[in-house]
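S.K.: Predicted model, plus sequence, below.
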Amino acid sequence: MIQVVKYHHIYEQLLTITAKENVMVDEQLRNHTYTKLGGKADLFVTPASIEEVQQIVKLANKEEVPFTLLGNGSNLIVRDGGIRGIVMSPKRFTTIKREGDSIIAESGARIIDASRKALEEELSGLEFACGIPGTVGGALYMNAGAYGGEVKDCLHYTVVVTKEGELLTLKAEDLDLDYRTSNIPDKGYIVLEARFDLKPGKYDEIKAIMDDLTYKRESKQPLEYPSCGSVFKRPPGYFAGKLIQDSELQGKGVGGAEVSTKHAGFIVNKDNATATDYIAVIEMVQKTVKDKFGVELEREVRILGED
């Protein structure tokens, strides 16, 4: 077991905070990422309440244990050596409800499901999210967007726990939301809940938009293989996928990872790839595009853990 002796006393303290079934030792993180990559977490915790989240954060601070927040792993690569210390998942925070003309969703809920709840309630404004695979928390973390819409267009406020364990309610403008970025990672916020302000609409019209976006996504994206979604941010004045396609990189790879032949902006785990394979393909793409076009491709996907 990884670090089991070192962290045994932390494990025992976690059991005083949350139920035993919420604390896993040496949990395989590839079971929690869309790429199906990654080593083990020393301690993988799924708290069941806001109070438990606060106590776990405070415990990590007090004991000086590394702490990592992991959503549903849709825009993430975990290295093969895994992640030390405590890895927390908000997977038990999945409530989505309507309040007035708003949708309030907990951070572990999928943003897709928030958009479907909006459809069900005949509220318009979250259609763009109907194909984004991440959680609500992850969507705020990177100001997720697609097809001309993004989180900052409709986010009203969010409830977070700070890295000191304090509970805060922040307005959208407090998050410095910009293209695929926010200040959430720099501030160390743990998103617990978000309120999206929407507008009344007609079910059939909202559904037609969502159906069209779903068709575009399914027809263009390589959903038949594990991947982390779009790997690179759009460089100013260019499209990342077009640059990669024009670099003749589709189908090229390392080990079991390769640039998708269906959508050049995606790298797929085609045949039991390792995280090392996947990262090597990312670096190969960056170098080739830089050499050929002089354009620096910036990663949209996060890379965590040890080699």
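M.R.: On my side now, so go ahead.
S.K.: hey, let's count contacts and neighbours off CA atoms from now on
M.R.: Fine.
S.K.: Of all the residues in stretch 229-246, which ones are buried?
M.R.: 229, 230, 231, 232, 233, 234, 240, 241, 243, 244, 245 (16 or more other CA atoms under 10 Å).
S.K.: From the rest of the structure, what touches stretch 229-246?
M.R.: The contact list for stretch 229-246 (CA atoms under 8 Å, 6 or more residues apart in numbering) reads 74-75, 180, 250, 263-267, 282, 285, 289, 293, 295-301.
S.K.: and what of stretch 193-212?
M.R.: Against stretch 193-212 from outside (CA under 8 Å, 6+ apart): 101-107, 119-120, 122-128, 130, 136-137, 154-160.
S.K.: ok, of those residues, which come out buried?
M.R.: Neighbour counting by 16+ other CA under 10 Å classes 101-107, 119, 122-128, 130, 136-137, 154-160 among the contacts of stretch 193-212 as buried.
S.K.: Show me these that map onto helices.
M.R.: Those of these mapping onto helices are 119, 136, 137, per DSSP state H.
S.K.: Need those in JSON lines (columns: distance to residue 57 and pLDDT).
M.R.: Shown next, in JSON lines, are those (distance: CA to CA, whole Å; pLDDT from 0 to 100):
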{"residue": "119", "distance to residue 57": "35", "pLDDT": "98"}
{"residue": "136", "distance to residue 57": "20", "pLDDT": "97"}
{"residue": "137", "distance to residue 57": "17", "pLDDT": "96"}
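S.K.: Reformat those residues as JSON lines; add distance to residue 220.
M.R.: Listed next are those as JSON lines, based on distance: CA to CA, whole Å:
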{"residue": "119", "distance to residue 220": "24"}
{"residue": "136", "distance to residue 220": "24"}
{"residue": "137", "distance to residue 220": "26"}
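S.K.: And the strands in the stretch 151-300 of the chain?
M.R.: Ranges of strands in the stretch 151-300 of the chain, per DSSP state E, counting those that start in this stretch, are 155-161, 167-171, 190-197, 199-200, 227-230, 253-254, 257-259, 266-269.
S.K.: Nearest to residue 141 among these would be which one?
M.R.: strand 190-197 (8.2 Å; CA to CA).
S.K.: Give the residue spans of the stretch 1-150 of the chain that score low on pLDDT.
M.R.: Applying pLDDT under 70 to the stretch 1-150 of the chain picks out residues 1-5.
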